[in-house]
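Q: next comes the sequence, and after it the predicted model I'd like to discuss.
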Amino acid sequence: MAAPSTRSTRPDDRKYTESHEWVKVDGENVLIGITDFAINELCNGNEGDLVYCDLPEVGRALDQGETFGEIESVKAVSDLYTPIAGEVVEINAAIEDHLEILSKDPWNQGWLVKIRPNSKDSPKMMDAQAYEKFLAEKKH
Amino acid sequence: MKNTPLQSRHVRHGARLVEFGGWQMPVQYGPILEEVTRVRTHAGLFDLSHMGRVRVTGKDRVAYLDRLLTNHVAKIAAGSIRYALFCRADGMPIDDLLVYPGEGEVFLVVNASNTDVDLAWMREHETGFDVVIQDQTDELAMIAVQGPKSREITEHVVKGIDLAKLGYYKFAFGTVCGIPNVRVSRTGYTGELGYELYVPTQTAGRVWDEVLTAGAMHEIAPIGLGARDTLRLEAGMPLYGHEIDATHDPIQAGLEFGISFAPEKGDWIGRSALEAIRAKPTRRLVGLKTDGPRAPRQGYEVVVGGKSVGHVVSGSVSPTCNTNIGTAYVPVALGEPGTAAEIDVKGKRQQATFCALPFFSRTRK
């Protein structure tokens, strides 16, 4: 058994939501992706079970909490939510043809959309440690 | 939540376990599509111990079941199995099941999620009949071996039954892994050659292990409920809660082979309602194929000529058909195979084509 660690195994350079998105500041913009937990829920570590990822048009205005896309596995479809209101300035089009990127590198190459936030204030989200605590409590 | 007697093995095989019909069940051990392909090309082993198993005895058992079930129980030949449904008076299904009439008993296999409702329905209607209804779900485990190699594998563990002579939807009792008097049926929910074994709960682990050992040379592997759902959909088999439920009757679902309107069967619950639907069906169940990226999913609208005409009830990626498949209800006149349609995926339209069911079957050859 591994020794318990107080150090987070998830990157601490970003914030996390209870619906398992991550948000990372990227200059004036933010990058949004989904966590390893979300991907594992969808495909149980079997990247071949991910079949489709639907991302928004560039230029689309999104409200906080709005669905910006969907990710589909063999057995389930999950909505993708943005915790930040803003305009889509870029999407990671490589994902649509290479879903395996999500399971290989959800934190860097696996970003989904880049958004220009409407406001400088960001809603309250969890840091990596709080997110892991949230996941640990979810299991019980 | 209940565990099957094979729970510890599922954990050991690395299964992802989910709640299904009140049971903790393996949804997959590995990639779902690889599990589907393994059953189509080699063999798969399934724990189906969550399915409800009910034994009916007493001298009125056949008359009683002919009153409750859609199929003609009195006409089922010895050693044969038939598909049937429990329907309410309005013809809407409570559940679908397999019926095994035997010596002094009729054995029923029902859906896990409906077992309690079925038992309550059966007890509600037993007045006036000399019957005893016994829930055997906890005393028997149910293990299926499915796939083109299933006969060679099952022959290793079954004695006293010539499996090559056991026809589709037939059953017999034999010795399985040294356990006498085990019900073995040539049935399944995959469209493949396959067998289902009903063994005493305390022997389930041993039978599971011996089948895996016997099947190793044929590349057998445990298969989860995720793949099972895709296999049954490819085989055009209905699933309660999708093709049939309280708002989807069995006539329009194309299940008339499990319904008898023979005068000798007498009146049965749901008969007149189903006769009326049969005389004037308004919609039909069709197969859907779509080359687009999205799999059809339950609830998606089906569009023909720009108009919404029906809804999807099941869907999956199909590795066997190498496309995305589904089933949908559409008006009778619009459901001809080959008809061009669209599915509405949350506002985005995707091309689809209606086709006949099943998408795949080896059992019907």
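A: The structure has been received and is ready for your questions.
Q: hey, which strand is longest across chain B?
A: Counting residues, the longest strand in chain B under DSSP state E turns out to be strand B:307-318.
Q: counting contacts, what elements does the helix or strand just after that one pack onto?
A: Counting by DSSP states H and E, the next helix or strand C-terminal to strand B:307-318 is strand B:323-331. Here strand B:323-331 touches helix B:225-234, strand B:283-290, strand B:301-304, strand B:307-318, strand B:340-345, going by 3 or more CB pairs under 8 Å, 6 or more residues apart in numbering or on different chains; DSSP states H and E. To be clear about C-beta, it is placed using only N, CA and C from the backbone, and glycine gets the same treatment.
Q: now these in a markdown table, with mean pLDDT, distance to chain A and mean neighbour count?
A: Listed next are the helices and strands packed on strand B:323-331 as a markdown table, based on pLDDT from 0 to 100; distance: least, CB to the nearest CB, whole Å; neighbours: other CB atoms under 10 Å in any protein chain shown:
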| stretch | mean pLDDT | distance to chain A | mean neighbour count |
| --- | --- | --- | --- |
| helix B:225-234 | 97 | 5 | 25 |
| strand B:283-290 | 98 | 12 | 22 |
| strand B:301-304 | 98 | 15 | 19 |
| strand B:307-318 | 97 | 5 | 21 |
| strand B:340-345 | 97 | 8 | 20 |
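Q: residues in contact with residue 60?
A: Reading this off chain A. A:68, A:87, A:88 (CB atoms under 8 Å, 6 or more residues apart in numbering or on different chains).
Q: could you do chain B instead?
A: B:129, B:130, B:131.
Q: in stretch A:67-80, what's buried?
A: Neighbour-count burial for stretch A:67-80 flags A:68, A:69, A:70, A:71, A:72, A:73, A:74, A:75, A:77, A:78, A:80 (criterion: 16 or more other CB atoms under 10 Å in any protein chain shown).
Q: contacts with chain B among these, please.
A: A:70, A:72, A:74, A:75, A:77 (CB under 8 Å from any CB of the partner chain).
Q: and the residue nearest the centre of chain B, how far is that from residue B:7?
A: Here the mean C-alpha position of chain B is nearest to the C-alpha of residue B:189 (CA atoms, centre = their mean), at a distance of 4.8 Å. Applying CB to CB, to the nearest Å, the value for residue B:189 to residue B:7 is 21 Å.
Q: give me phi/psi at the closest residue to residue A:20 other than its chain neighbours?
A: Using CB to CB, 6 or more residues apart in numbering or on different chains and skipping the chain neighbours, the partner closest in space to residue A:20 is residue A:38 (3.6 Å). Phi and psi for residue A:38, reported as degrees, to the nearest 10, are phi -60, psi -40.
Q: again, but for residue B:66
A: phi -70, psi -20.
Q: can you tell me the number of residues neighbouring it?
A: 22 (other CB atoms under 10 Å in any protein chain shown).
Q: could you check how far it is from residue B:268?
A: From residue B:66 to residue B:268 the distance is 6 Å (CB to CB).
Q: with residue A:138 instead?
A: According to CB to CB, residue A:138 stands 48 Å off from residue B:268.
Q: and for residue B:349?
A: Taking CB to CB, one finds residue B:349 at 43 Å from residue B:268.
Q: which one's more surrounded, those two?
A: residue B:268 (21 against 14).
Q: assign a three-state SS to that one, would you?
A: coil (DSSP: H, G, I helix; E, B strand; the rest coil).
Q: that one and residue B:68 touch, don't they?
A: Yes. Using CB atoms under 8 Å, residue B:268 is in contact with residue B:68, at 7.0 Å.
Q: mind exporting the C-alpha coordinates of the helix or strand that contains residue A:116 to PDB?
A: Using DSSP H and E, residue A:116 sits within strand A:113-117. C-alpha atoms of strand A:113-117 as PDB (Å, rounded to 0.1, in the frame of the first residue of the first chain):
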ATOM      1  CA  VAL A 113     -11.900  25.300 -24.800                       C
ATOM      2  CA  LYS A 114     -10.200  28.700 -24.300                       C
ATOM      3  CA  ILE A 115     -12.500  31.400 -23.000                       C
ATOM      4  CA  ARG A 116     -12.200  35.200 -22.700                       C
ATOM      5  CA  PRO A 117     -13.900  35.800 -19.400                       C
END
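Q: what are the pairing partners of that strand, and which direction each?
A: If you go by DSSP bridges, strand A:113-117 pairs up with strand A:29-34 (antiparallel), strand A:86-91 (antiparallel).
Q: which one of these lies closest to residue B:255?
A: The closest of those to residue B:255 is strand A:29-34. By CB to CB, the value is 40.6 Å.
Q: can you list contacts of the closest one?
A: Contacts of strand A:29-34 (CB under 8 Å, 6+ apart): A:20-24, A:68, A:71, A:80, A:82-84, A:86, A:89-90, A:102, A:106-107, A:110-117, A:122.
Q: of these, just the buried ones, ChimeraX syntax please.
A: Selection of buried members from these for ChimeraX, criterion 16+ other CB under 10 Å:
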select /A:20,21,22,23,24,68,71,80,82,83,84,86,89,102,106,107,110,111,112,113,114,115,117
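Q: please tell me how far the longest strand of chain B is from the chain's geometric centre.
A: Mean-position distance between strand B:307-318 and its chain equals 20 Å (CA atoms, centre = their mean, to the nearest Å).
Q: cool, and stretch A:129-138?
A: Centre-to-centre, stretch A:129-138 and its host chain are 16 Å apart (CA atoms, centre = their mean).
Q: neighbours of residue 87, how many?
A: Using chain A here. Residue A:87: 15 surrounding residues under other CB under 10 Å.
Q: nope, chain B please
A: A count of nearby residues for residue B:87, using other CB under 10 Å, gives 26.
Q: identify the spatial nearest neighbour of it, chain neighbours not counted.
A: residue B:270 (3.3 Å).
Q: give the contact list for that neighbour.
A: Contacts here follow CB under 8 Å, 6+ apart; on that basis residue B:270 touches B:70, B:87, B:88, B:89, B:90, B:91, B:92.
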